[in-house]
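Structure of the sequence below:
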Amino acid sequence: MNVQKVFEDFNSLNVLIIGDVMLDSYIWGAVERISPEAPVPIVNVKKKDFRLGGAANVALNIVSLGARPILCALIGDDDDGKKLIQRLDDGKISKDGIVVSAHRPTTVKTRIIASSQHVVRVDEESDKVVNAEEELELMKRIEKLLPSCQVVIFEDYDKGVLNASIIEKTVLLAKNNNIPTVVDPKRRNFLSYQGVSLFKPNVKELREGLKIDVEAANQLSVENAVDQLKQKLNAGGVMLTLSEYGVYIDFQNEKIKLPAHAREIADVSGAGDTVVSIAALAVALNLTPTQIAFLSNLGGGLVCQHVGVVPIDKEELLKEALIESA
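Numbering: from 1, shown residues only. This is a model prediction of the structure:
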């Protein structure tokens, strides 16, 4: 693999990302006393921040890798929705596929952090399935934007934006345009992704989706589960992330297990977003299964060295890929 050439070719790709976007809100402060009203800490707020989360974090990873993301998602007609749009504008991310809905709030996850301790998380969201009007508007955007893309990512956080109908129509549309589809799944739609190119669950999602026990450390257990999943979905391939045990891919008549790289793990948040982003670009460039797994596994490990949800650093990934493939 000419690593330098692959990373240059990332810059030519358009990626349609369909799924659940959200705002990650952070409140940093200090705890100096306990409330007299209840035995809870009083957080004296020092700083607030809003960041792109969910499918929008996948978009940030795609930008960091040099490609162009096109987000297709629902937000609420509210102040948080306006903040999310502002963050997209700040990141120069296309909002052509964003549908504003009067029927649901923008998903916000607020983390309150005091003296480096995560005190509490507050979620504001609806996980009800899209209504007919929202589905129609989303499909209009998908039909318009998909043909100009080289790969589609389904980024499913179980918040209701994706349903069986949207998945089926989009996969068919992608096939008719010879565009590969890559999935980062959750439980509700797990078996709805029929006929996709590459399906990327982690072990927990695989256990819940197939309702079977899988031991990440047991290679035979992993292979049998992935084989079962691949058949149920009639998928082109499955790439299973195994946390500290690395990654296993069954794709294009190849079955490969790669170990995790030894690293100082600071935070695993957002690693799955990075893995699916790299995998999708690699699939779009027709890289081999080994190359797809190698780059994805490398990127997922690198972002775990950083605190908080951060997109991959392309230069850092390139440097490591050149060292590892030398």
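
Need the distance between the two termini of stretch 124-134.
The first and last residues of stretch 124-134 sit 20 Å apart, counting by C-alpha to C-alpha, to the nearest Å.

Name the helix or strand of this protein that has the lowest mean pLDDT.
helix 314-325 (a mean of 86; mean pLDDT, DSSP states H and E).

Quick check: which element contains the one residue sitting closest to the centre of the chain?
Most central in the chain under C-alpha atoms, centre = their mean is D273, positioned 3.2 Å from the mean C-alpha point. Using DSSP states H and E, the element containing D273 is helix 271-284.

hey, where'd the helices end up in the stretch 201-326 of the chain?
203-210, 219-233, 271-284, 289-303, 314-325 (DSSP state H, counting those that start in this stretch).

ok so, going back, what is the helix holding D273 packed up against?
strand 14-19, helix 55-64, strand 151-155, strand 181-184, strand 198-199, strand 237-241, helix 289-303 (3 or more C-beta pairs under 8 Å, 6 or more residues apart in numbering; DSSP states H and E). No exception for glycine: its C-beta is placed from N, CA and C like everyone else's.

got the phi/psi numbers for V130?
Dihedral pair for V130: phi -50, psi 140, per degrees, to the nearest 10.

if we can go back for a sec, identify whichever of the helices of the stretch 201-326 of the chain lies nearest to G97.
Ranking the helices of the stretch 201-326 of the chain by proximity to G97 (C-beta to C-beta) places helix 271-284 first, at 16.0 Å.

what's next to the closest one, contact-wise?
With contact meaning C-beta atoms under 8 Å, 6 or more residues apart in numbering, helix 271-284 is reached by 6, 10, 13, 15, 57-58, 61-62, 65, 67, 150-151, 153, 155, 180, 182-184, 197-198, 200, 202, 239, 241, 247, 291-292, 295-297, 299-304, 309, 311-312, 317.

which residues does the nearest residue to N11 once chain neighbours are set aside contact?
Distances taken as C-beta to C-beta, 6 or more residues apart in numbering put G66 closest to N11, at 4.2 Å, once the chain neighbours are dropped. If you count contacts by C-beta under 8 Å, 6+ apart, G66 has them with 7, 10-11, 314.

remind me which residues of the chain are low pLDDT?
Judged by pLDDT under 70, the chain has its weakly predicted residues at 261-270, 303-309.

So the residue of the chain most remote from its centre, which state does it fall into?
Distance to the chain centre peaks in the chain at P36, reaching 41.8 Å (criterion: C-alpha atoms, centre = their mean). Secondary structure, DSSP: H, G, I helix; E, B strand; the rest coil: P36 is coil.

Mark which of the contacts of G66 are buried, thanks.
The neighbour-count test (16 or more other C-beta atoms under 10 Å) marks 7, 10, 314 as buried among the contacts of G66.

wait, V6 sits on T288?
No - if you go by C-beta atoms under 8 Å, V6 and T288 don't touch, sitting 11.1 Å apart.
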